[in-house]
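**Student:** No letters, just coordinates:
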């Protein structure tokens, strides 16, 4: 998901947990020289609810359907990434996927990625040494 460096973005983000792990994509800030993980999900389109955006984003990214979603919290996130500013309003949802097959694979391809990105199951205990985005996610892990 590209970052808008001029406008506030509204995001619907999925916290998908399973057996002490959570699903996220690895990232790297070149200027800060800092690795991080980012949860799945993305932008809310005009006239689209956050829950509809969440369903659409997970379908686009994983090809998966959501069986349940519960709003955990909302966070304003003002940040710099690769030296450029970003500003987001994040709706974080606890999500369960319908198909069990997604929970059995260590990595999952992000279908709408141009750079062959992968989502991976990350061990929650490793978060002490890992950065997670959006920051509100750490509260629920």
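**Tutor:** Happy to help now that I have it. Small disclaimer: the values here were computed from a predicted structure and weren't measured.

**Student:** From here on, just use CA atoms for contacts and neighbour counts.
**Tutor:** OK.

**Student:** Averaged pLDDT, the helix or strand containing residue 38. What do you get?
**Tutor:** Following DSSP states H and E, one finds residue 38 within strand 34-43. Taken as a whole, strand 34-43 has an average pLDDT of 93.

**Student:** now swap in stretch 132-141 and tell me
**Tutor:** Mean predicted confidence for stretch 132-141 is 93.

**Student:** Name the residues of the following helix or strand past the strand holding residue 38 that are buried.
**Tutor:** Once the chain leaves strand 34-43, the next helix or strand it forms, by DSSP H and E, is helix 50-62. Buried residues in helix 50-62, counting neighbours by 16 or more other C-alpha atoms under 10 Å, are found at 50-51, 53-62.

**Student:** about what we covered before: got the buried residues for the strand holding residue 38?
**Tutor:** So strand 34-43, judged by 16+ other C-alpha under 10 Å, has buried residues 36-43.

**Student:** swap in stretch 59-73?
**Tutor:** For stretch 59-73, by 16+ other C-alpha under 10 Å, it's 59-62, 64-66, 69, 71-72.

**Student:** Run through the helices of the protein in chain order.
**Tutor:** 50-62, 101-104 (DSSP state H).

**Student:** So which elements touch the longest one?
**Tutor:** Secondary structure elements in contact with helix 50-62, counted by 3 or more C-alpha pairs under 8 Å, 6 or more residues apart in numbering; DSSP states H and E, are strand 9-18, strand 34-43, strand 66-81, strand 107-109.

**Student:** Compute the inter-axis angle for it and strand 9-18.
**Tutor:** Angle of helix 50-62 versus strand 9-18, following axes from the mean of the first three to the mean of the last three C-alpha atoms, to 10 degrees, is 70 degrees.
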